[in-house]
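Novice: Need coordinates for the following:
(one chain, ligands or ions: 1)
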Amino acid sequence: MAKILVIDDDTHIREVCKLVIEGMGHEVTAQPTLAKGLSALDREFFDVLYLDVDLPDGNGLIAIPKITERERAPEVIIFTGASYPNGAELAIKNGAWDYIEKPATAESMTLPLIRALQYRKEKFAHRPPTVALKREGIIGNSPRVASCLDLVAQAANSDANTLITGETGTGKELFARAIHDNSERADGPFVVVDCSSLTETLIESVLFGHAKGAFTGAEKKQEGLIKQADKGTLFLDEVGELPISQQKAFLRVLQEHRFRPVGAKEEETSDFRLVAATNKDLETLVAAGDFRNDLLFRLRTMHLNIPALRYRGEDIRELAIYYMNAFCKKYKVPLKGFSPEFLDSLEEYDWPGNVRELVNLMENIIVRAQYEPTLYPKHLPPEIRIRIMSGRRQEGMTAQDNELLPVQEQGGGSGQELVLTPFDDYKRDVEHRYFKLLMQTAGGDIHKACELSELGKQSLYRYLRIHGIPTRT
Ligand SMILES: Nc1ncnc2c1ncn2[C@@H]1O[C@H](COP(=O)(O)OP(=O)(O)OP(=O)(O)O)[C@@H](O)[C@H]1O
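Specialist: Numbering: from 1, shown residues only. Presented below is the predicted three-dimensional model:
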């Protein structure tokens, strides 16, 4: 049985899809908006997605790349009522499996589904096994971590530039090291460049190195980090912080693997493999003019997105046990047991700081609990307990209260529960409303919209494109 997601704002279409696809023996989840559909994709894996184009909060065609670049992305079948010029070409170019126009016969609707499922069955049957992978320090066996490890194996088997995205503390550096350790460059250096800690004046000489006498205080020739990564991996952490003034020079290094140290006459070469990481949405930075699109394109030859800890609750227990053992050993105190309520609380908490927050919390608890044999919720800091309790209280709130909050409904019928909307979805939703309202207020006039929003024309056009908001021509 496969899992199928339908995103369509037409209730009748959702019902027909459910009827037909469930009749084929598959499980169907149907959502009326893009934001709700994307949240469903954050929570679970689907095999195929039937995606409408004209959705109340965005354009399905434009959303395809954001969907297909996810780990274990579903095959996307565009299912549209309106005929778009070049719609089918755009869909296929963006990575869709097929493009169907409504009204469709049951056969034209289901045939692409049968083929897509056949393709996925074959694709996953021939995956390289992940058991042989060195995964030093990576704890967790949830399907999401397993799928990340599959991508680590793929990335390690190639020399392609790889971009790792994910919220802060999700383990991006750990996964970058795993790519290096499993690659042919494992015996070479793994050089970390933290772009957020480099000032604009320092960055050039730190990355490219400098010649003797290049500037005051440069008493001898200094090799830069790019050269140090020769025959190994260069890990560019927080790449979103790379100053725009340096991005062009770095793009050239990526293309040619040649660079000129500050004050040097000759160019040097370095044979490095690049892995970059960021917790920023680089596409938003590109739209705002703070990141070069050509650099993003180069960095993202392969893409690995590490899911937030709240989407892989199955890993929390294993991580807590692992770090309890590690810190008890470090502080030379006896191992501790977990009360069921303590574990429940860990699993209920939403971990905004992800695994790093869990690691710090376990260290803090072990230091304070010393010789106490069992851990209870009482051992948790009050701010965490309060957050868990307010989460429980939210279940009793009215729908009207929730309209103002970044929350969404989960589950159907009377068993509905409220969960916080993922930040990216909430931000996208708010942005979408903003630009829709902006264009309405400006009567579709771009100049007026630029004035009202204080955005440049280029940035405004990019945002409108991202959100599928038409402009008056
Ligand atoms: N799956 C995991 N198993 C065990 N430890 C983990 C895992 N993921 C992260 N950690 C630990 O969490 C901490 C943060 O990890 P890391 O520095 O790799 O995160 P990051 O995503 O690079 O964070 P940032 O974006 O803030 O730089 C480290 O101590 C790391 O060892």
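
Novice: What is the neighbour count of whichever residue of the chain sits closest to the ligand?
Specialist: Distances between the chain and the ligand by CB to the nearest ligand atom are smallest at residue 171, namely 2.6 Å. In this view, the C-beta of every residue, glycine as well, is placed from N, C-alpha and C. As a burial measure, residue 171 scores 23 neighbours (other CB atoms under 10 Å).

Novice: give the contact list for it.
Specialist: 138, 306, 354-355 (CB atoms under 8 Å, 6 or more residues apart in numbering).

Novice: how does it look with 6 Å?
Specialist: Neighbour list for residue 171: 306, 355 [criterion: CB atoms under 6 Å, 6 or more residues apart in numbering].

Novice: Break down the stretch 151-300 of the chain into its strands, ranges please.
Specialist: Applying DSSP state E, counting those that start in this stretch to the stretch 151-300 of the chain gives strands spanning 162-165, 190-194, 209-210, 222-223, 233-237, 258-259, 268-269, 273-278.

Novice: nearest to residue 311, of these?
Specialist: Each of these has some distance to residue 311 by CB to CB; the shortest is strand 162-165, at 13.9 Å.

Novice: which other residues reach the closest one?
Specialist: So strand 162-165 is contacted by 155, 172, 175-176, 275-278, 299-300, 302-305 (CB under 6 Å, 6+ apart).

Novice: can you rerun that using 7 Å?
Specialist: If you take CB atoms under 7 Å, 6 or more residues apart in numbering as the criterion, strand 162-165 is touched by 155, 172, 175-176, 179, 275-278, 299-306.

Novice: do the same with stretch 311-324
Specialist: In contact with stretch 311-324 (CB under 7 Å, 6+ apart) are residues 42-43, 139-142, 144-145, 309, 336, 343, 346-347, 355, 358-359, 362, 366.

Novice: What's the mean pLDDT across it?
Specialist: In this model, stretch 311-324 carries a mean pLDDT of 93.

Novice: For that stretch, buried residues please.
Specialist: 311-312, 315-316, 319-324 (16 or more other CB atoms under 10 Å).

Novice: just these that are near the ligand?
Specialist: Restricting those to those within reach of the ligand (CB under 6 Å from any ligand atom) leaves residue 319.

Novice: Let's have the buried residues of stretch 311-324 in CSV, adding secondary structure.
Specialist: Shown next, in CSV, are these (DSSP: H, G, I helix; E, B strand; the rest coil):
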residue, secondary structure
311, helix
312, coil
315, helix
316, helix
319, helix
320, helix
321, helix
322, helix
323, helix
324, helix
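
Novice: quick one: which of the buried residues of stretch 311-324 is nearest residue 110?
Specialist: Of the buried residues of stretch 311-324, the one sitting nearest to residue 110 (CB to CB) turns out to be residue 311, at 30.4 Å.

Novice: okay but residue 380 is in contact with residue 345, surely?
Specialist: Yes. Taking CB atoms under 7 Å as the definition, residue 380 is a contact partner of residue 345 at 6.0 Å.

Novice: residues in contact with residue 363?
Specialist: By CB under 7 Å, 6+ apart, the contact set of residue 363 is residue 327.

Novice: Ranking helices and strands of this structure by mean pLDDT, which lands last?
Specialist: helix 399-403 (a mean of 42; mean pLDDT, DSSP states H and E).

Novice: the helices in the stretch 301-450 of the chain, which residues?
Specialist: Listed in chain order, the helices of the stretch 301-450 of the chain (DSSP state H, counting those that start in this stretch) span 314-330, 340-348, 354-369, 382-394, 399-403, 423-441, 446-453.

Novice: Which of those comes out lowest on mean pLDDT?
Specialist: Confidence, taken as mean pLDDT, is least for helix 399-403 of these (a mean of 42).

Novice: Could you list the contact residues of this protein toward the ligand?
Specialist: Counting by CB under 6 Å from any ligand atom, the chain sits next to the ligand at 137-140, 166, 168-174, 237, 277, 279, 319, 355-356, 359.

Novice: What count of nearby residues applies to residue 138?
Specialist: Count around residue 138 with other CB under 10 Å applied: 17.

Novice: pLDDT at it, what is it?
Specialist: 95.

Novice: wait, what's in contact with it?
Specialist: 171, 174, 178.

Novice: State the phi and psi torsions of it.
Specialist: Main-chain dihedrals, residue 138, degrees, to the nearest 10: phi -90, psi 110.

Novice: Kindly provide the distance from it to residue 211.
Specialist: Going from residue 138 to residue 211 by CB to CB, to the nearest Å gives 41 Å.

Novice: for whatever helix or strand residue 19 lives in, what is the average pLDDT?
Specialist: For residue 19, the host element (DSSP states H and E) is helix 11-23. The pLDDT scores in helix 11-23 average 90.

Novice: coming back round to it: to residue 50, which of the strands of the stretch 151-300 of the chain lies closest?
Specialist: Among those, the nearest to residue 50 by CB to CB is strand 162-165 (26.2 Å).

Novice: All the helices of the stretch 51-200 of the chain, in order from the start?
Specialist: Counting by DSSP H, counting those that start in this stretch, the helices of the stretch 51-200 of the chain are 60-68, 87-93, 106-125, 143-156, 172-181, 200-208.

Novice: Where among the ones you listed is average confidence lowest?
Specialist: Minimum mean pLDDT among the helices of the stretch 51-200 of the chain: helix 87-93, a mean of 78.

Novice: Tell me which other helices or strands that one touches.
Specialist: With contacts defined as 3 or more CB pairs under 7 Å, 6 or more residues apart in numbering; DSSP states H and E, the packing partners of helix 87-93 are helix 60-68, strand 98-101.

Novice: Near the closest residue in space to residue 134 that isn't next to it in sequence, how many other residues are there?
Specialist: With CB to CB, 6 or more residues apart in numbering as the criterion, residue 134 has its nearest non-adjacent residue at 5.0 Å, and that residue is residue 181. Residue 181 sits with 17 neighbouring residues when counted by other CB under 10 Å.

Novice: Next: residue 63.
Specialist: When neighbours are defined as other CB under 10 Å, residue 63 has 25 of them.

Novice: what's near enough to touch the residue nearest to it when sequence neighbours are not counted?
Specialist: Nearest residue to residue 63 in three dimensions, chain neighbours excluded: residue 34, at 5.9 Å (CB to CB, 6+ apart). Under the criterion of CB under 7 Å, 6+ apart, the neighbours of residue 34 are 7, 55, 57-58, 63.

Novice: What does the pLDDT read for residue 34?
Specialist: Residue-level pLDDT assigned to residue 34 equals 92.

Novice: tell me the domain ranges of this protein?
Specialist: 3-125, 143-307, 314-394, 404-473 (automatic domain parsing).

Novice: Of those domains, give the one that comes closest to residue 132.
Specialist: Ranking those by proximity to residue 132 (CB to CB) places domain 143-307 first, at 8.3 Å.

Novice: correct me, but residue 48 touches residue 113?
Specialist: Yes. Taking contacts as CB under 7 Å, residue 48 lies within contact range of residue 113: 5.8 Å.

Novice: anything in contact with each of those two?
Specialist: residue 77.

Novice: how about stretch 330-347 as CSV, C-alpha atoms only?
Specialist: C-alpha atoms of stretch 330-347 as CSV (Å, rounded to 0.1, in the frame of the first residue of the first chain):
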residue,chain,number,x,y,z
LYS,A,330,32.6,12.0,31.7
TYR,A,331,31.6,13.1,35.2
LYS,A,332,32.3,9.7,36.8
VAL,A,333,28.8,9.3,38.3
PRO,A,334,26.6,6.2,38.2
LEU,A,335,24.3,5.6,35.2
LYS,A,336,20.7,6.8,35.6
GLY,A,337,17.4,5.3,34.9
PHE,A,338,14.6,7.3,33.2
SER,A,339,11.1,7.4,34.7
PRO,A,340,8.4,6.9,32.0
GLU,A,341,7.1,10.5,32.7
PHE,A,342,10.6,11.9,32.1
LEU,A,343,10.8,10.2,28.7
ASP,A,344,7.3,11.3,27.9
SER,A,345,8.2,14.9,28.6
LEU,A,346,11.3,14.7,26.4
GLU,A,347,9.2,13.3,23.6
